[in-house]
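Asks: here's a sequence, model it:
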Amino acid sequence: MPISNLAPAIQSRPAHRRAVRSPFVLLLLASGGLTVGCTSAGNPPRLAEGVDRALREHPGGTVAVAFCDLGSGRTLLRNEHRRFHAASTMKVPVLVALFRAIDRGELALDRPVSVRNEFPSLVDGSPFTLVPGEDGDPDLYSAVGDSRPLGELARRMIVRSSNLSTNLLIELLGAKQVTAAMRDLGAREIEVLRGVEDEKAFEAGLINRATAYDLMVILRAIAEKKAVSAAASGEMIGILEGQEFKEKIPAGLPPGTRVANKTGDITGVHHDAAIVLPAGRAPYVLVVLTEGFPDQASADRAIAAVSRAVWSGLGLD
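Replies: Sure thing, here's the model as predicted:
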């Protein structure tokens, strides 16, 4: 199926079958780490006040925030080094690693990839399969036994959060190589160990992890076209702008605002990581990670409230 023929937007995804148990506490303390070239000095007072107010008004879970204005280099950080289950935000590192391989001439977007639904567990190599009903992109399962271009799989992985695409790409690239690519970008805490729905690995505690800070570092590198070549970075931004899940950071912005983002949702874990591209000014990066909210709707409202507070705090309203 051509990428342009993807079906209408999917509004929600099924949760992981097992809950992630974490403290139900809201942490609002900032730590001192800063992205190279960013500074927390000189932020408009209402930016921090607005974000902290949004967090107070939406209690019920643990929240981390990492913001960087690419025009001024200013940051706002809250609990940014806390490690969360990455959920589907780990698909951004996979996208970057893919385009780095393309830049090196090792892969090409038109390369056909065999679509199959059987993968080895990280624990013992035993086979497991993905469940179409738990995937944001069930349509791809009709292609099992056939092939699809690498570029289509990359786009499905992001815009529909396709788990099947993700596992096919990780198998092609290697999870260790994905993590190594993030280290090259200066993201020191994020860890991609495996693909998704590997229940044996989940039970063994082998989980992909991310911090708001590292996702900010990665998205900043993409936005500044430093993650890979300028052309490839532009392609990645275009893919991220095609995101079909808009209920988090985009929901806090005026209609029509350009956003290149990747969400992540499993039981008790709800994230969004975005490059926001307002008209007439430099972009900014905003990452909001959450854990422990009673339901996805509550987490989504908290994330959207932080997004609105940042927009307002920058004087964009």
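Asks: quick check: beta-bridge partners of Lys262?
Replies: Per DSSP bridges, residues listed as beta-bridge partners of Lys262: Ala273.
Asks: any idea how far Val131 lies from Arg209?
Replies: Per C-beta to C-beta, to the nearest Å, Val131 is found 23 Å from Arg209. All C-beta spots, glycine's among them, are computed from the backbone N, C-alpha and C.
Asks: right, I mislabeled it, should have said Leu55
Replies: Leu55 is 22 Å from Arg209, by C-beta to C-beta.
Asks: who has more neighbours out of the two?
Replies: Leu55 (21 against 15; other C-beta atoms under 10 Å).
Asks: helix, strand or coil for the more buried one?
Replies: Put simply, Leu55 is helix when judged by DSSP: H, G, I helix; E, B strand; the rest coil.
Asks: for it, give its distance to Val288.
Replies: According to C-beta to C-beta, Leu55 stands 10 Å off from Val288.
Asks: shared neighbours, these two?
Replies: Counting by C-beta atoms under 8 Å, 6 or more residues apart in numbering, the residues touching both Leu55 and Val288 are Val63, Val65, Ala302, Val306.
Asks: any regions of this protein where pLDDT drops low?
Replies: For the chain, residues meeting the criterion pLDDT under 70 lie at 1-43.
Asks: would you mind measuring from the residue nearest the centre of it to Leu253?
Replies: Nearest to the geometric centre of the chain sits Thr89, at 2.7 Å (C-alpha atoms, centre = their mean). Remark: distance between Thr89 and Leu253 (C-beta to C-beta) = 19 Å.
Asks: and what of Ile207?
Replies: Ile207 is 31 Å from Leu253, by C-beta to C-beta.
Asks: tell me which of these two has more neighbours.
Replies: A direct count of neighbours by other C-beta under 10 Å for Ile207 and Leu253 places Leu253 higher, at 22 against 18.
Asks: do you have the strands of the stretch 201-317 of the chain handy? List them.
Replies: For the stretch 201-317 of the chain, strands defined by DSSP state E, counting those that start in this stretch occupy the ranges 209-210, 258-266, 269-277, 284-291.
Asks: need those strands in JSON lines with distance to Asp198, can you?
Replies: What follows is the strands of the stretch 201-317 of the chain, written out as JSON lines (distance: least, C-beta to C-beta, whole Å):
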{"stretch": "strand 209-210", "distance to Asp198": "15"}
{"stretch": "strand 258-266", "distance to Asp198": "13"}
{"stretch": "strand 269-277", "distance to Asp198": "16"}
{"stretch": "strand 284-291", "distance to Asp198": "20"}
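Asks: just name the most buried of those strands.
Replies: Counting by mean count of other C-beta atoms under 10 Å, strand 284-291 has the highest mean neighbour count of these, with a mean of 29.
Asks: what packs against that one?
Replies: Here strand 284-291 touches strand 62-69, strand 84-85, helix 212-223, strand 269-277, helix 296-313, going by 3 or more C-beta pairs under 8 Å, 6 or more residues apart in numbering; DSSP states H and E.
Asks: tell me how far it lies from the chain's centre.
Replies: Counting by C-alpha atoms, centre = their mean, to the nearest Å, strand 284-291 is centred 9 Å from the centre of its parent chain.
Asks: just checking: what are the partner strands of it?
Replies: With DSSP bridges as the test, strand 284-291 pairs up with strand 62-69 (antiparallel), strand 269-277 (antiparallel).
Asks: my guess is Leu153 contacts Val113. True?
Replies: Yes. Shown here, Leu153 and Val113 form a contact pair, counting by C-beta atoms under 8 Å, at 5.9 Å.
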